[in-house]
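# Okay, structure incoming, though there's no sequence with it:
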């Protein structure tokens, strides 16, 4: 059995951000919306993997 990579609350944060992207077009593309959602989850202290980039 594989452990969950993301916390359920973190997944919900990304889901909310994607919904906002679809409704308002606030972000340039869906990848940016996902990145913002993960960033918000990290700020709240949710279980999210570290950033891969520099």
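The structure has been received and is ready for your questions. The shown structure was predicted, so the numbers you read here are calculated from the model rather than taken from an experiment.
# if I look at residue 49, how far off is residue 6?
Noted for residue 49: a distance of 8 Å to residue 6, by CB to CB, to the nearest Å. Bear in mind the C-beta positions are built from the backbone N, C-alpha and C, glycine included.
# Residue 18 is in contact with residue 37, isn't it?
Yes. Between residue 18 and residue 37 there is a contact at 6.9 Å, judged by CB atoms under 8 Å.
# Show me which of the two is the more surrounded one.
Remark: of residue 18 and residue 37, residue 37 carries more neighbours, 24 against 16, as counted by other CB atoms under 10 Å.
# That one contacts residue 19, correct?
No. Using CB under 8 Å, residue 37 is not in contact with residue 19; the gap is 9.9 Å.
# tell me which element residue 38 is part of?
helix 30-43 (DSSP states H and E).
# Show me which residues of that helix are buried.
33-38, 40-42 (16 or more other CB atoms under 10 Å).
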